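>>> return atomic coordinates for the entry below.
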Amino acid sequence: MKKAMLLASAAALAFSVTAALAQDKGKAKAPAKPRTAISLDCSKQADAKGLHGKARKSFRAKCKRDATKTAKSKG
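Got it, this is the predicted structure:
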């Protein structure tokens, strides 16, 4: 009798875990925004300089900010 209860409990636990995991897979992620030409160009410049981590992040932010200012002043 104890084996049957243990087996039933294990089966119920396995079923509930599987159901919970299946629900997470059903959620769709928000689609990624397409990268702009400015962003891609700044990434290429950062690659050429061999930047990584915080240095790359700050370089790209400044590059995009400067490129946006230049584009606005021309147009």
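
>>> the closest residue to Arg56 other than its chain neighbours: which element?
Take Arg56 and drop its neighbours on the chain: the residue closest to it by CB to CB, 6 or more residues apart in numbering is Ala46, 4.9 Å away. Glycine gets a C-beta too; all of them are placed from N, C-alpha and C. Counting by DSSP states H and E, the element that carries Ala46 is helix 37-49.

>>> and the contacts of that helix?
Here helix 37-49 makes contact (CB atoms under 8 Å, 6 or more residues apart in numbering) with 35, 56, 59-60, 63-64, 67-68, 71.

>>> and what of stretch 54-66?
With CB under 8 Å, 6+ apart, stretch 54-66 has contacts from 38-39, 41-43, 45-46, 49, 51.

>>> and if we set it to 10 Å?
With contact meaning CB atoms under 10 Å, 6 or more residues apart in numbering, stretch 54-66 is reached by 36, 38-39, 41-43, 45-47, 49-51.

>>> where does Pro34 sit: helix, strand or coil?
Secondary structure assignment for Pro34 (DSSP: H, G, I helix; E, B strand; the rest coil): coil.

>>> 28 is where my numbering starts, stick with that
I'll keep to 28 as the first residue from here, and by that count the last item is Pro61.

>>> what number of residues lie near it?
Neighbour count for Pro61, taken as other CB atoms under 10 Å: 6.

>>> by mean pLDDT, point me to the weakest helix or strand of this protein.
Every helix and strand of the chain was ranked by mean pLDDT, DSSP states H and E. The lowest is helix 29-53, at a mean of 62.

>>> picking that back up, let's have the contacts of helix 64-76 in CSV, adding neighbour count.
Listed next are the contacts of helix 64-76 as CSV, based on neighbours: other CB atoms under 10 Å:
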residue, neighbour count
Arg62, 10
Arg83, 16
Phe86, 16
Arg87, 18
Cys90, 17
Lys91, 16
Ala94, 16
Thr95, 12
Ala98, 11
